[in-house]
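>>> here is my input; please provide its structure:
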Amino acid sequence: MRTYDVIVIGSGPAGHHAAIQSAKLGKSTAVIERRQTIGGVALNAGTIPSKTLREAIMYLTGFRQRGLYGSSYRVKDKITFKDLTYRVDHVVEHELDVFRSHFQRNGVDIIAGDASFKDPHTLTVRSADGSDENVSGAAIIIATGTRPARPDHVPFDGEDIFDTDEMWKIKDEYLPKTLTVVGGGVIGIEYASALAAVGVQITVIERRPRILEFVDDEIIDALCYHLRAMRTVLRLGEEVTSVTRNNKGQVVATLASNKTIVSEALLYAVGRQGNTTTLNLGAAGLEADKRGRIEVDALYRTKVTHIFAAGDVIGFPSLASTSMEQGRLAANYAQDRECTSLPHLFPYGIYTIPEISYVGRNERELTEAKVPYEMGIAPYREIARGQIIGDETGMLKLLFHQKTRELLGVHIIGEGAAELIHIGQMVLTHGGTIDAFVDTVFNYPTLAECYKVAALAGTNKLASTDGIPEPPA
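Numbers count the residues shown, from 1 in each chain. Below you'll find the predicted structure:
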């Protein structure tokens, strides 16, 4: 039986970073992966493919240039799904090679097969040919990720009624004219906005009153405006009770309100289930909740002291970037190494069209906490770079304390949002004030200049509140 210092189950973002970090610490490390390829859902069906698909759509539709050349501008008139996946295949293959190189250079063993606990330190790995191998680890990190939820009332067929992992099985020449997207979470809205940009008529059904409820309200209001401008219909506060087909072969979604939504295809994107069913957690003294998630403490340690978990399998926020950091931290904590972690300042990037990113607190959170804040906004249309690139709809918003001027949150919608956010993140990390942007000279013309414009707009508002007495305690 092979024995390791660290065994990582899963090779997605969390597993990849956990394994590399363990190897960097000089520990013998193995990764168990049940897929035929490494990288997990993020590399093979989720993060990388979906973001590459978005980029292909942005290019082929000429979406970025429409503000300059008109809404009819396109690089290619008739776009097929094969056109979109051409770039996806290239990027995924390159990233797979990078992952393989990382593991090889750092001496990480890759064990192919399905893992299940035999006891708290031993895992049985069943390979594709049905043979079993037992491996033992002093520390074990569970990073198995999640899979789409598939309720019984949805007759998935992988062709016209599919989940988010099945997007890539769509016929090469097939791009539906109409699509119903069930679910207004990150994945559902990313796909909805991307396909709407191609010209697919989208209907989004979300049982909550708002999409992406954890995002700043003003940013979501702006996103909804842009989605509707692309002819997307938002059915909020609605729930799907059944999915059937009519006599024309079309997909019919029936809602609890008795409405029916008819479309050529349906994408179900409500919830995900932790990949823990086959792990035999009980043999390790562990259990998962009803959604297959594993509970961990602040050090990503489960209730069994040598077993850790990281990534989507532990729940929110379930982003590739946060999963990477959780995997790295878990590997360090498994070796009793102290680390600095600021999870409240993890940035969030949502690759809708237009793009969204934020870090820190939003207006609703600050209001509920009774924090006196002020804001400064810089619309892209007032920034030279915004005019140059043709993005007249984006904006950057800064939230800061009225008295101390401490930066509290940064919220962006528009081109490059997920890149721009890191400037604000650095100021937040170091407890900086709004004056950090006022006193900084940014290259011109750049979108980064938005920080200075927004900061000046915000500090100008403070002048009108000077001399106002403090409220009674």
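>>> contacts, neighbours, all on C-alpha from now
Will do.
>>> do you have the helices of the chain handy? List them.
Using DSSP state H, the helices of the chain run over residues 13-24, 40-44, 47-60, 66-69, 81-105, 186-198, 217-229, 320-334, 363-368, 384-389, 417-429, 435-438, 449-463.
>>> Arg245: which of the ones you listed is closest?
helix 186-198 (21.3 Å; CA to CA).
>>> in this protein, which helix or strand is least confident?
Ranking every helix and strand in the chain by mean pLDDT, DSSP states H and E puts helix 66-69 at the bottom, with a mean of 80.
>>> ok now that helix, how far from the chain's centre?
Relative to the chain's own centre, helix 66-69 is displaced by 29 Å; criterion: CA atoms, centre = their mean, to the nearest Å.
>>> return it as CSV; C-alpha atoms alone will do.
In CSV, the C-alpha atoms belonging to helix 66-69 read as follows (Å, rounded to 0.1, in the frame of the first residue of the first chain):
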residue,chain,number,x,y,z
ARG,A,66,-21.4,48.1,-31.0
GLY,A,67,-21.3,51.3,-29.0
LEU,A,68,-19.1,52.7,-31.8
TYR,A,69,-20.4,51.0,-34.9
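>>> residue numbering should commence at 808 henceforth.
Understood, numbering begins at 808; the last thing we discussed is helix 873-876.
>>> low-confidence stretches in this structure?
Applying pLDDT under 70 to the chain flags residues 978-979, 1270-1280.
>>> in contact with Pro1150, which residues are there?
Residues near Pro1150 by CA atoms under 8 Å, 6 or more residues apart in numbering: none.
>>> quick one: contacts for the nearest residue to Ala1264 once chain neighbours are set aside?
The shortest distance from Ala1264 to any residue other than its chain neighbours is 5.0 Å, reached at Gly1183 (CA to CA, 6 or more residues apart in numbering). By CA under 8 Å, 6+ apart, the residues touching Gly1183 are Lys1204, Leu1205, Leu1206, Ala1261, Ala1262, Leu1263, Ala1264, Gly1265, Thr1266.
>>> separation between the residue nearest the centre of the chain and Ala849?
By CA atoms, centre = their mean, the chain has its centre lying nearest to Leu1126, at 4.0 Å. Per CA to CA, to the nearest Å, Leu1126 is found 9 Å from Ala849.
>>> what is the neighbour count of Thr1159?
Thr1159 has 23 neighbouring residues, counting by other CA atoms under 10 Å.
>>> one step back: how many neighbouring residues does the closest residue to the residue nearest to the centre of the chain other than its chain neighbours have?
Once flanking residues are discounted, Leu1126 sits nearest to Asp1119: 7.3 Å by CA to CA, 6+ apart. A count of nearby residues for Asp1119, using other CA under 10 Å, gives 28.
>>> I'd assumed Met1131 was in contact with Asp1119.
No - when contacts are counted by CA atoms under 8 Å, Asp1119 is not listed as touching Met1131 (10.2 Å).
>>> now do the same contact list for Thr1083.
Neighbours of Thr1083 in contact, by CA under 8 Å, 6+ apart: Thr951, Ala1095, Gly1099, Arg1100.
>>> how does it look with 10 Å?
Shown in contact with Thr1083 (CA atoms under 10 Å, 6 or more residues apart in numbering): 922-923, 949-953, 1094-1096, 1098-1101, 1120.
>>> would you show me how to pick out the buried ones of those in PyMOL?
Only the buried entries of those go into this PyMOL selection, using 16 or more other CA atoms under 10 Å:
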select buried, resi 922+923+949+950+951+952+953+1094+1095+1098+1099+1100+1101+1120
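>>> so which of the contacts of Thr1083 belong to strands?
Counting by DSSP state E, those place Ala922, Ser923, Ile949, Thr953 in strands.
>>> widest-spaced pair of those residues?
The span of the ones in strands among the contacts of Thr1083, defined through CA to CA, is set by Ser923 and Thr953 at 16.1 Å.
>>> what do Asp1119 and Met1131 both touch?
Residues touching both Asp1119 and Met1131 by CA under 10 Å, 6+ apart: Gly819, Pro820, Ala821.
>>> before we move on, the earlier item: are there residues contacting both of Leu1126 and Ala849? Which ones?
Counting by CA under 10 Å, 6+ apart, the residues touching both Leu1126 and Ala849 are Pro820.
>>> so which of the shared contacts of Asp1119 and Met1131 wins on neighbours?
Ala821 (36 neighbours).
>>> that residue reaches Ile949, doesn't it?
Yes - counting by CA atoms under 10 Å, Ala821 touches Ile949, with 8.9 Å between them.
>>> who touches both of those two?
Val815, Ala1116, Ala1117, Gly1118, Val1120, Gly1134, Ala1137.
>>> looking at those, spot the one nearest Asp1023.
Checking the shared contacts of Ala821 and Ile949 against Asp1023 by CA to CA gives Gly1118 as the nearest, at 24.0 Å.
>>> please name the nearest non-neighbouring residue to that closest one.
Ser1130 (4.1 Å).
>>> correct me, but the one you found touches Ser818?
No - with contacts counted by CA under 10 Å, Ser1130 stays clear of Ser818, the gap being 11.4 Å.
>>> shared neighbours, these two?
Here Ser1130 and Ser818 have His824, Ala825, Ala950, Gly952 as joint contacts, going by CA under 10 Å, 6+ apart.
>>> what about the third one, distance to Thr868?
Right, Ala950. Distance of Ala950 to Thr868, given as CA to CA: 37 Å.
>>> and stretch 1149-1161, how far out from the chain's middle?
Taking CA atoms, centre = their mean, the mean C-alpha location of stretch 1149-1161 is offset from the chain mean by 8 Å.
>>> and it, which residues are buried?
Residues Leu1152, Phe1153, Pro1154, Tyr1155, Gly1156, Ile1157, Tyr1158, Thr1159, Ile1160, Pro1161 are the ones in stretch 1149-1161 that count as buried (16+ other CA under 10 Å).
>>> from these, which is closest to Val915?
Nearest to Val915 among those: Phe1153, at 27.9 Å, using CA to CA.
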